[in-house]
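Trainee: need coordinates for the following:
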Amino acid sequence: MSQAFNSNEDWMKLLVSQTKQRLDKIYQGGGKKSLEKQKERNKLTARERIAYLVDDMNSFIEIGAFAGFDMYADEGGCPAGGTVAGLGFVAGNQVVIVANDQTVKAGAWFPITGKKNLRMQEIAMENQLPIIYLVDSAGVFLPLQDEIFPDKEHFGRIFRNNAKMSSMGITQIAAVMGACVAGGAYLPIMSDETLMVEGNGSIFLAGSYLVKAAIGETIDNETLGGAITHTEISGIADYKFDTEHACLDHIKSIIGRIGKKTEAGFNRIASKPPLKDPSEIYGQIPVGNQKPYDMLGIIERIVDDSNFEQFKEDYGKTILCGYARIEGWSVGIVANQRLVSKNKKGEMQIGGVIYNDSADKAARFIMNCNQKNIPLIFLQDVTGFMVGSRSEHSGIIKDGAKMVNAVANSVVPKITIIIGNSYGAGNYAMCGKAYDPRFIYAWPSSKIAVMGGEQAAKTLVQIEVATLKGKGKEITEVDEKKLLKSIQDKYEQQSAATYAAARLWVDAIIDPIETRKHISAGIHAANQNAFQEKFNLGLFQV
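Mentor: Purely as a prediction, here's the structure:
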């Protein structure tokens, strides 16, 4: 391998290592003392519950592990948003699992917790997957109640979704393994079946202390809302168990009895590994993502047999479009090409930029995949649409709108992988979060922002200098450099993959070598939903 490849590989492996180190800390939840208290109460941790429940932890796809990362410092932090969640297989069926982490502020709901739980319900609804709630929560985190309680996408939306999923025929199972308090008490009761662990599980609108304060009644929590109370007196719960393991075993039994539904029918054949070594993905992207590279080298290390059949190969060269298979699944791939190339007129085209012909080509390919019922994979490394008089006069806005229209109205599942830059309207056209990808993942090398940090900093400095001069003030070259660095540092922080993942702009930061696994799991999930809207582009300028 070349020296450049080795440098690239070292850089990417360092980013992957840093990501894993951060995850290891996140996996500790509320910390060692909180984990020890969980054990003292004879309770499993959220991650232990999931590990026992799923058929194979290696196939578990965690969603939102970075939720809340470097947020809520004044409140002591909220690792993983106080909830462990993802896609896994239980009794051979793919399901969504949401487990409160009681070690993080007693499982209380922060604003990001609500957003994460809503995302998991969205995944269940979009893909018609059963959802399992492992409940152990003290309810809303009161100091931030105004950010989690009243709005449309806040706490109450959870219960609205419970009702909607029930009407859609989506199985919902709730296992109450700890506290389930106040408004949160509606979640298990609005599920199809409710299981409780005796001695630890409890459900009530108000705990014993609040009951005493409100109406003067003296009662303990177990008598008020424990497993015996709700299985023998109120009839709220359906089953009670002596241990968490017995409770989780019964969930496996319930899920194992679910009847098969009609699938979407996405094409799949026997899987073949890539001919080109997938581990070589680490050496494909240049250090800092600063130089051109061949996206084809990445695609051929992700797809089966390294076979990628290009669509309009010699036209619109700054976007690669084509058909392939990933773990046997038929897919259409739309990827930004970072190589500098020439168009049909012999004009140079900058890699990573979307030109008129590229947008036109991508829009047509997206329509083809919808016509053939082929899921779409977007590989993002885009700096935006081409600017300047030549592009404007050629109608770049019109062609860009055509592509955006096709992405927005696409009805086949879309899975987005952000591997490098994701800037400006390029983020939208390449199926960013706003365009409803079924799943969206980021490599550690990814950056998401309205523009690059250096570009943004120079633009803002120019504006600041002009403003000061307009006021009759002068700014020295030293001050200008300080301002430039300050703005650039802020942009670099806000465009980082961890910043995006903390706010759930992406579902997870993944190891590049696991890209095939995540795409395959996503298509498997999407295949469980046979319902598909009719593809209709509506009105756009041709």
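
Trainee: report pLDDT for residue 459.
Mentor: Reading off the confidence values, residue 459 has pLDDT 77.

Trainee: please read the previous query as pertaining to residue 413.
Mentor: 97.

Trainee: ok, it touching residue 374?
Mentor: No - counting by CB atoms under 8 Å, residue 413 stays clear of residue 374, with 9.6 Å between them. Placement of C-beta: from N, CA and C, glycine included.

Trainee: which secondary structure element of this protein has the lowest mean pLDDT?
Mentor: helix 389-393 (a mean of 68; mean pLDDT, DSSP states H and E).

Trainee: who's in contact with the following helix or strand past that helix?
Mentor: Next along the chain after helix 389-393, taking DSSP states H and E as the criterion, comes helix 396-409. By CB atoms under 8 Å, 6 or more residues apart in numbering, the residues outside helix 396-409 that reach it are 354-357, 359-360, 362-363, 366-367, 385-387, 414, 425, 428-431, 435, 535-538, 540-542.

Trainee: quick check: which element contains the nearest residue to residue 305 once chain neighbours are set aside?
Mentor: Nearest residue to residue 305, sequence neighbours excluded (CB to CB, 6 or more residues apart in numbering): residue 272, at 4.5 Å. Assigned by DSSP H and E, residue 272 belongs to no helix or strand.

Trainee: was I right to think residue 272 contacts residue 306?
Mentor: No - with contact defined as CB under 8 Å, residue 272 does not reach residue 306; the gap is 9.1 Å.

Trainee: the two - which one has more neighbours?
Mentor: Using other CB atoms under 10 Å as the criterion, residue 272 and residue 306 rank with residue 306 on top: 18 against 14.

Trainee: what sits against the more buried one?
Mentor: Residue 306 neighbours (CB under 8 Å, 6+ apart): 274, 275, 276, 300.

Trainee: what is in contact with residue 413 and residue 374 at once?
Mentor: Common neighbours of residue 413 and residue 374 (CB under 8 Å, 6+ apart) are residue 266.

Trainee: contacts only, for residue 501.
Mentor: Per CB under 8 Å, 6+ apart, neighbours of residue 501: 64, 65, 66, 67, 69, 442, 508, 509.

Trainee: mind checking the SS state of it?
Mentor: With DSSP: H, G, I helix; E, B strand; the rest coil as the basis, residue 501 sits in helix.

Trainee: so for the host helix or strand of residue 214, what gets flagged as buried?
Mentor: Assigned by DSSP H and E, residue 214 falls within helix 208-215. Applying a neighbour-count criterion of 16 or more other CB atoms under 10 Å, one finds 208, 211 buried in helix 208-215.

Trainee: what mean pLDDT does it have?
Mentor: Mean predicted confidence for helix 208-215 is 78.

Trainee: pretty sure residue 319 contacts residue 358?
Mentor: Yes - Residue 319 sits in contact with residue 358 when judged by CB under 8 Å, with a separation of 4.0 Å.

Trainee: which one of these two is surrounded by more residues?
Mentor: Ranked by neighbour count (other CB under 10 Å), residue 319 and residue 358 place residue 358 first, with 29 against 26.

Trainee: can you pull the pLDDT of that one?
Mentor: 94.

Trainee: that one reaches residue 320, doesn't it?
Mentor: No - Residue 358 lies out of contact with residue 320 (CB under 8 Å); the separation is 9.3 Å.

Trainee: list the buried residues of the helix of greatest length in the chain.
Mentor: Ordering each helix of the chain by length in residues (DSSP state H) puts helix 3-26 first. For helix 3-26, a neighbour-count test (16+ other CB under 10 Å) marks 8, 9, 11, 12, 15, 16, 19, 22, 23, 26 as buried.

Trainee: quick check: which ranges of the protein have low pLDDT?
Mentor: Counting by pLDDT under 70, the ranges of the chain that qualify are 183, 388, 391, 393-395, 539-542.

Trainee: and the residue in it sticking out farthest from the centre, its phi and psi?
Mentor: Most distant residue from the mean C-alpha position of the chain: residue 472, 48.5 Å away (CA atoms, centre = their mean). With angles defined as degrees, to the nearest 10, residue 472 sits at phi 80, psi 10.

Trainee: pull the CA atoms of the helix or strand where residue 166 lies into CSV?
Mentor: Secondary structure from DSSP H and E places residue 166 in helix 156-167. Extracted C-alpha coordinates of helix 156-167, given in CSV (Å, rounded to 0.1, in the frame of the first residue of the first chain):
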residue,chain,number,x,y,z
GLY,A,156,-47.2,13.3,25.5
ARG,A,157,-46.6,12.3,21.8
ILE,A,158,-45.3,9.0,23.1
PHE,A,159,-48.8,8.0,24.3
ARG,A,160,-50.4,9.4,21.1
ASN,A,161,-48.0,7.1,19.2
ASN,A,162,-49.0,4.1,21.4
ALA,A,163,-52.6,4.6,20.3
LYS,A,164,-51.7,5.1,16.6
MET,A,165,-49.5,2.0,16.6
SER,A,166,-52.3,-0.1,18.2
SER,A,167,-54.6,1.0,15.4
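
Trainee: quick one: list the elements packing against it.
Mentor: helix 111-127, strand 172-181, helix 186-189 (3 or more CB pairs under 8 Å, 6 or more residues apart in numbering; DSSP states H and E).

Trainee: got JSON lines for the ones you listed, with mean neighbour count too?
Mentor: Shown next, in JSON lines, are the helices and strands packed on helix 156-167 (neighbours: other CB atoms under 10 Å):
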{"stretch": "helix 111-127", "mean neighbour count": "22"}
{"stretch": "strand 172-181", "mean neighbour count": "26"}
{"stretch": "helix 186-189", "mean neighbour count": "21"}
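
Trainee: right, and those - which one's nearest residue 287?
Mentor: Closest to residue 287 of those, according to CB to CB: helix 111-127, at 32.0 Å.

Trainee: for that closest one, output the C-alpha coordinates as PDB.
Mentor: Extracted in PDB, the C-alpha atoms of helix 111-127 (Å, rounded to 0.1, in the frame of the first residue of the first chain):
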ATOM      1  CA  PRO A 111     -35.700  16.500  26.400                       C
ATOM      2  CA  ILE A 112     -33.300  14.300  24.300                       C
ATOM      3  CA  THR A 113     -34.900  11.200  25.900                       C
ATOM      4  CA  GLY A 114     -38.300  12.200  24.500                       C
ATOM      5  CA  LYS A 115     -36.800  12.800  21.100                       C
ATOM      6  CA  LYS A 116     -35.000   9.400  21.200                       C
ATOM      7  CA  ASN A 117     -38.100   7.500  22.300                       C
ATOM      8  CA  LEU A 118     -40.100   9.200  19.500                       C
ATOM      9  CA  ARG A 119     -37.500   8.200  17.000                       C
ATOM     10  CA  MET A 120     -37.700   4.600  18.100                       C
ATOM     11  CA  GLN A 121     -41.500   4.700  17.800                       C
ATOM     12  CA  GLU A 122     -41.100   6.200  14.300                       C
ATOM     13  CA  ILE A 123     -38.900   3.300  13.300                       C
ATOM     14  CA  ALA A 124     -41.500   0.800  14.500                       C
ATOM     15  CA  MET A 125     -44.300   2.600  12.700                       C
ATOM     16  CA  GLU A 126     -42.400   3.100   9.400                       C
ATOM     17  CA  ASN A 127     -41.300  -0.500   9.300                       C
END
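
Trainee: all set, thanks.
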